[in-house]
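Asker: sequence first, predicted coordinates after that:
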Amino acid sequence: MPYRDGRLLIAREPDAADERAGLTPGATIQWDGRFTVKSLSARSATVVRLGLHPQVTSPELRKLPAAVRQTLPAVLREDGEVFLPRCDFLNGYNGCNGFSNPAQAAALFRPQEPLTASAFVVV
């Protein structure tokens, strides 16, 4: 889709990111084929998309396009608390600062099928 500055924005369709995955204590799972999510908690939880819980927000998160925000992983604990895992993107961006619960879970954007192949140098 066209983005506000004329560039192309490629994002996961929110309805396509409908996976609900159990996250047991200490486990590492692949969620939605895009994120590796690791439990750092002694409590079980479920990983769902953030769009199902719009009350979880922050000024940092609002910098991301709505289409992207809706498809980030959110952790839903058995007691009903919803939070974002610490989001460690390979480019160093962590849009989850300030409202994540780093003691509970961490997520790394590692798509199984990336949009582009890895870069390499030809000599």
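Answerer: Noted; the coordinates are in hand. Note that the coordinates shown come from a computational prediction; the quantities given were computed from them, not determined experimentally.
Asker: what bits of this protein have low per-residue confidence?
Answerer: Where the chain drops to pLDDT under 70, the residues are 88-103, 117-123.
Asker: and the helices in it?
Answerer: 66-69 (DSSP state H).
Asker: could I get the full set of strands for it?
Answerer: With strands called from DSSP state E, the chain shows them at 21-23, 28-31, 35-39, 45-49, 73-77, 82-83, 86-88, 105-109.
Asker: these into TSV, with extra columns for mean neighbour count and distance to residue 116?
Answerer: Every residue, glycine included, has its C-beta placed from N, CA and C. Below are the strands of the chain laid out as TSV (neighbours: other C-beta atoms under 10 Å; distance: least, C-beta to C-beta, whole Å):
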stretch	mean neighbour count	distance to residue 116
strand 21-23	17	26
strand 28-31	16	20
strand 35-39	20	18
strand 45-49	21	23
strand 73-77	21	22
strand 82-83	18	31
strand 86-88	19	20
strand 105-109	20	13
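Asker: nearest to residue 63 among the ones you listed would be which one?
Answerer: Closest of the strands of the chain to residue 63 is strand 86-88, at 12.8 Å (criterion: C-beta to C-beta).
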